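In: Generate coordinates for the sequence data below:
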Amino acid sequence: MGVIVVSGTGTEIGKTVVTAAVAAVAAATGRKVAVLKPAQTGLVSGEPGDAHEAARLAGHGVTAVELARFPEPLAPNTAARRAGLAAVGPREVAEAAEKLATEHDLVLVEGAGGLLVRLDDTGGTLADAAGLLRAPVLVVTAAGLGTLNATQLTTEALRARSLEPLGVVIGSWPTAPDLAARCNLADLPVTSGAPLIGCVPAGAGAREPDAFRRSAPSWLAPVLGGAWDADAFTTAVA
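Out: Numbers count the residues shown, from 1 in each chain. As a prediction, this is how the structure comes out:
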């Protein structure tokens, strides 16, 4: 997989930390990795964005690329319009990812918010970019109540566009999971039709980079280069 698109079922669910973990595991094996953020919103010039944070945690010389930045924490098309700046459409995202793929073994394209958040005023989305790239989509979701519906909507939207989800990763697993979270481990693969291929503990992004890199393989399934086992984890926390 030369390019993987990383999409969430919403905002603030751990996309950047999951992206960093996938990058760290791949880079540790000697692969050359890049993280591409098409549109960073909610930050002004000079503040570290999601791509740079993922690269910092992953280490190993991971490349961070940001195509555009808009200061207000809004959907990319709205933030671009309000800032009077040019939006970044799916075609530009795909072209940037393809260029990075000529120089890297793995390119991780991290979206903003959910799969169908608009990138530009023509209605282009991250799903459109994934379609142009013919890239698998890694779906990052929440652990608790409501995640089954959001995850199923995302995977159904992918399949409606002839895109297949690579799998689902829980972006922030609580230290004391409630009943809904524990049940969701078994229910997520059934409702989404996609395998559960990772579970990142809450607060993982606050770890020192060296500790983050050492632990990352234990959060991801073998398809992502790690050693995490969904069945064993589900049994252990049930």
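In: Do me a favour and get the backbone dihedrals for residue 196.
Out: phi -80, psi 120 (degrees, to the nearest 10).
In: any idea how far it lies from residue 169?
Out: Distance, residue 196 to residue 169, using CB to CB, to the nearest Å: 8 Å. C-betas here are computed from N, CA, C, even on glycine.
In: The two: which has the busier surroundings?
Out: Taking neighbours as other CB atoms under 10 Å, residue 196 and residue 169 compare with residue 169 leading, 30 against 25.
In: Look up how far residue 70 lies from the more buried one.
Out: For residue 169 relative to residue 70 (CB to CB), the value is 27 Å.
In: What values do phi and psi take at the residue lying farthest from the centre of the chain?
Out: Most distant from the centre of the chain: residue 84, at 27.5 Å, with distances by CA atoms, centre = their mean. Here is the backbone geometry of residue 84 (degrees, to the nearest 10): phi 70, psi 30.
In: what does residue 41 give?
Out: phi -120, psi 160.
In: Can you name the residues that contact residue 168?
Out: For residue 168, the contacting residues are 139-141, 151, 155, 188-189, 192, 194-198, by CB atoms under 8 Å, 6 or more residues apart in numbering.
In: hmm, I was thinking of residue 226
Out: By CB under 8 Å, 6+ apart, the neighbours of residue 226 are 25, 198, 216, 217, 218, 219, 220.
In: low pLDDT regions in the chain?
Out: 1 (pLDDT under 70).
In: Look at residue 159 and say how many residues are nearby.
Out: Burial of residue 159 is recorded as 13 neighbouring residues (other CB under 10 Å).
In: That one and residue 18, how far apart?
Out: Using CB to CB, one obtains 21 Å as the distance from residue 159 to residue 18.
In: What's the end-to-end length of stretch 101-112?
Out: 21 Å (CA to CA, to the nearest Å).
In: Now, of the contacts of residue 168, which are buried?
Out: Neighbour counting by 16 or more other CB atoms under 10 Å classes 139, 140, 141, 151, 155, 188, 189, 192, 194, 196, 197, 198 among these as buried.
In: Mind checking which of these land in strands?
Out: The strands, defined by DSSP state E, take in 139, 140, 141, 196, 197, 198 from these.
In: In contact with the first one, which residues?
Out: For residue 139, the set of contacting residues under the criterion of CB under 8 Å, 6+ apart consists of 7-9, 115, 151, 154-155, 158, 165-169, 192, 194.
In: Helices along this structure, start to end?
Out: For the chain, the helices defined by DSSP state H occupy 15-28, 50-58, 76-83, 90-101, 126-133, 147-160, 179-192, 209-215, 230-237.
In: can you redo those as a markdown table with distance to residue 202?
Out: Listed next are these as a markdown table, based on distance: least, CB to CB, whole Å:
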| stretch | distance to residue 202 |
| --- | --- |
| helix 15-28 | 10 |
| helix 50-58 | 15 |
| helix 76-83 | 27 |
| helix 90-101 | 30 |
| helix 126-133 | 25 |
| helix 147-160 | 14 |
| helix 179-192 | 11 |
| helix 209-215 | 13 |
| helix 230-237 | 14 |
